[in-house]
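J.: A predicted structure for the sequence below; I have some questions about it.
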Amino acid sequence: MRNLTLKALLYISFAVLLLLLAVSNVLGIGSLFSINERLNSLVDVSAEKVRLGLLLREEVVTISRAEKNIILATKAEEIEGFEKTIRETAKKLVKARDKLRELSDPADRAVVEEFSTLFDKYIEIKEEILRLALLNSNMRARDLSAGAAREAFDRALESMRGISALNDEEATRLIRASDRG
């Protein structure tokens, strides 16, 4: 090193600084890429799962409200209108549930499957309520709605709360991971 001129030492020092700068830029870009992937996951998957969970809740409430209206209805046309609302809403709910199932990891999928099973039981009971309402047997329909249907609805709603909690936990986890990144 003693044989090197001051000019050569300056060139070497400058080259080392440029090399360190390049390495730090590469590492920084890699970190930005990682943060971008986490953010995209948060936006593309977690936000969509939360949206679908909220849509499921809204559709279940709509179906429950239409069921109560069927029991209170006095004309067959009214009953048929509420029945149509239930069928259309149930179709939307099944689409949202299937999409949520696709987006869910295996642990979350078990909760979605539990909700599906409970909701299908609720729909079966609701069909019996509809049959009784159309037979003008509103007292039996009301009893069924207040008993078995309410119980099935409450279990499905509790399962849906589990889906919402899982979605919230995942979103929080991803936000924390992106903050650390």
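T.: Everything's here; your move. Being a predicted model, the structure only gives us computed values, none of them experimental.

J.: In three-state terms, how would the most centrally placed residue in the chain be classified?
T.: With distances taken as Cα atoms, centre = their mean, the residue of the chain nearest its centroid is residue 49 (2.5 Å). Here residue 49 is helix, with the state taken from DSSP: H, G, I helix; E, B strand; the rest coil.

J.: again with residue 171
T.: The three-state label given to residue 171 by three-state DSSP is helix.

J.: where's the residue lying closest to it once chain neighbours are set aside relative to residue 33, distance?
T.: With sequence-adjacent residues excluded and distances taken as Cβ to Cβ, 6 or more residues apart in numbering, residue 171 is closest to residue 46, at 4.5 Å. Backbone N, C-alpha and C define where each C-beta goes, glycine included. Residue 46 is 19 Å from residue 33, where distance means Cβ to Cβ, to the nearest Å.

J.: Looking at these two, which has the bigger crowd around it?
T.: In terms of neighbours (other Cβ atoms under 10 Å), residue 46 is the more surrounded of residue 46 and residue 33; the figures are 20 against 11.

J.: Please look at that one and residue 167 and confirm they touch.
T.: Yes - in this structure, residue 46 is within contact of residue 167 by Cβ atoms under 8 Å, at 6.8 Å.

J.: Now do the buried residues in stretch 108-116.
T.: Across stretch 108-116, burial judged by 16 or more other Cβ atoms under 10 Å covers 108, 111-112, 114-116.

J.: let me fix that: stretch 78-86
T.: Those would be 79, 82-83, 85-86, for stretch 78-86 by 16+ other Cβ under 10 Å.

J.: so how far is that stretch from its chain's centroid?
T.: The chain centroid and the centroid of stretch 78-86 are separated by 28 Å under Cα atoms, centre = their mean, to the nearest Å.

J.: What residues of the host helix or strand of residue 27 count as buried?
T.: Here residue 27 sits within helix 6-41, counting by DSSP states H and E. For helix 6-41, the neighbour count (16+ other Cβ under 10 Å) marks residue 38 as buried.

J.: Against which helices or strands is that helix packed?
T.: helix 150-180 (3 or more Cβ pairs under 8 Å, 6 or more residues apart in numbering; DSSP states H and E).

J.: now the helix it packs on against helix 6-41, angle please.
T.: 170 degrees (axes from the mean of the first three to the mean of the last three Cα atoms, to 10 degrees).

J.: Need the nearest residue in space to residue 168, chain neighbours excluded.
T.: Residue 168 sits nearest to residue 50 (Cβ to Cβ, 6+ apart), 7.4 Å away.
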